[in-house]
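> I would like to see how this sequence folds:
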Amino acid sequence: MGFQLHPETTLGAVHLYVSNVKKSLEFYTEVLRMKVLKEDGTVVTFGNENDEPLLVIEEKKEAFPKQRGRTGLYHYAILLPNRQDLANILRHFVERVHPLHGGADHFFSEALYLADPDGNGIEIYHDRQKEVWHDENGELPFVSNPLDGEGLLQQGSTWNGFPAGTVMGHIHLHVADLEEAKRFYVDGLGFDVTIPARNGALFVSAGGYHHHIGLNTWQGEGIPPQMPNSVGLKYFTIVLADEKQKEQVCESLKYIGVVATYKDGILQAKDPFGHCMHFKVKGEA
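Numbers count the residues shown, from 1 in each chain. Purely as a prediction, here's the structure:
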């Protein structure tokens, strides 16, 4: 068995390129009620009520709109502490008459889907108790059943923004090849496969979570990477358990022919499809 990530590995903040920071700021503060932690011209950092960063947006001048038929962000997914929080934000969306792309019951979680003004996909979800995640065969099911929207609305109360305990739960990416994706994320980075490749998607995680990273070929196989001057994902963050894991990640990636490098003191790597990731240690700013 090759390198395996520590069970406490999680995701950190996601950094997006947007076409108009003012328009995006309005969406994130008014529609999502996301707390602004830092505003520096064309870059804004958002977080939960404990001031823990969740998202960074950065305006890209003359950015191309999101392109179909390319790799890139499918959605980033914000994990709420409990079902009551999901009920509250759903009620908030309904009261604002804000359109959603949909909702789903994934067996292990319940989720809402929408997009920001540039079409960057967003999932907001809560997890059921881990004891009920698996089916009678002990497997994680790959399902999208109808969401109990009525039940959630009946339970819903006032939404005051993302509470303490809200984290970046997972990220889902469009890739060009699932085998190549598996080689990078499993053989290289040390994630475990949780839902094997089927229906054009593969899911991986650390520590037995249902998935930290979703990978799909729903935009097509062999597709080119996202254009460098496009809106979309700049990078996502993988939070490692300790400094030793940084060294191990570098060695494991090197074994599959990928060089991780330090830039401005931050360890970075890029997958075969052009997605950039930063590595930080738990507790590191």
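> what ranges do the helices span in the stretch 151-285 of the chain?
Chain-ordered helices for the stretch 151-285 of the chain, with DSSP state H, counting those that start in this stretch as the definition, fall at 178-182, 243-255.
> Can you add mean pLDDT and give these back as CSV?
Shown next, in CSV, are the helices of the stretch 151-285 of the chain (pLDDT from 0 to 100):
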stretch, mean pLDDT
helix 178-182, 99
helix 243-255, 97
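> right, so of those, which gets closest to Glu221?
Closest to Glu221 of the helices of the stretch 151-285 of the chain is helix 178-182 (Cβ to Cβ; 8.4 Å). (Each C-beta comes from the backbone N, C-alpha and C, glycine too.)
> Run the chain-centre distance for the closest one.
Centroid displacement of helix 178-182 relative to its chain, using Cα atoms, centre = their mean, to the nearest Å, is 18 Å.
> where does this structure have low pLDDT?
Applying pLDDT under 70 to the chain flags the ranges 1, 285.
> can you pull the contacts of the residue nearest in space to the middle of it?
With distances taken as Cα atoms, centre = their mean, Ile171 lies nearest the centre of the chain, 2.3 Å away. Residues near Ile171 by Cβ atoms under 8 Å, 6 or more residues apart in numbering: 11, 14, 73, 75-77, 212-214, 236.
> Likewise for Tyr235?
Contacts of Tyr235 (Cβ under 8 Å, 6+ apart): 14-15, 268, 275-278.
> neighbours of the closest residue to it other than its chain neighbours, just the number please.
Excluding its sequence neighbours, the residue lying closest to Tyr235 (Cβ to Cβ, 6 or more residues apart in numbering) is Cys276, at 4.1 Å. Cys276 has 13 neighbouring residues, counting by other Cβ atoms under 10 Å.
> what is Cys276 paired to in the beta sheet?
Lys270 (DSSP bridges).
> i'd like the first residue to be 356 from this point on
Sounds good: first residue 356 from here, last item Cys631.
> Just to check, it is in contact with Lys589?
Yes - in this structure Cys631 lies within contact range of Lys589 using Cβ atoms under 8 Å: 6.8 Å.
> which residues does Ala624 contact?
Going by Cβ under 8 Å, 6+ apart, the list of residues near Ala624 reads 604, 608, 613-616, 631-632, 634.
> Which of the residues you listed are buried, as a PyMOL select command?
Per 16 or more other Cβ atoms under 10 Å, the buried members of the contacts of Ala624 correspond to this PyMOL selection:
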select buried, resi 604+608+613+615+632+634
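> which one among the contacts of Ala624 gets closest to Leu495?
For those, the nearest to Leu495 is Met632 (23.3 Å; Cβ to Cβ).
> picking up where we left off before, report the two of the contacts of Ala624 separated the most.
Pairwise distances across the contacts of Ala624 (Cβ to Cβ) peak at 14.4 Å, for the pair Val604 and Cys631.
> Now for Gly474, how many residues are close by?
Other residues near Gly474 number 14, with proximity taken as other Cβ under 10 Å.
> For the stretch 456-605 of the chain, which segments are assigned as strands?
457-460, 464-470, 476-482, 522-529, 547-553, 556-560, 568-571, 587-595 (DSSP state E, counting those that start in this stretch).
> Same question for stretch 507-523: list its buried residues.
507, 511, 514, 516-518, 521-523.
> Identify the residues contacting Val398.
Val398 makes contact with 376, 411-414, according to Cβ under 8 Å, 6+ apart.
> ok, it to Leu392 distance?
11 Å (Cβ to Cβ, to the nearest Å).
> before we move on, what about Ile479?
Taking Cβ to Cβ, one finds Ile479 at 19 Å from Leu392.
> Looking at these two, which is more packed in?
Ile479 (25 against 17).
> contacting residues around that one?
Taking Cβ under 8 Å, 6+ apart as the definition, contacts of Ile479 comprise 432-433, 435, 441, 444, 466-467, 469.
> Give the buried residues for stretch 414-434.
For stretch 414-434, using 16+ other Cβ under 10 Å, the buried residues are 414-415, 418, 421-422, 425-434.
> let me redo that: stretch 491-506
495-496, 502, 504.
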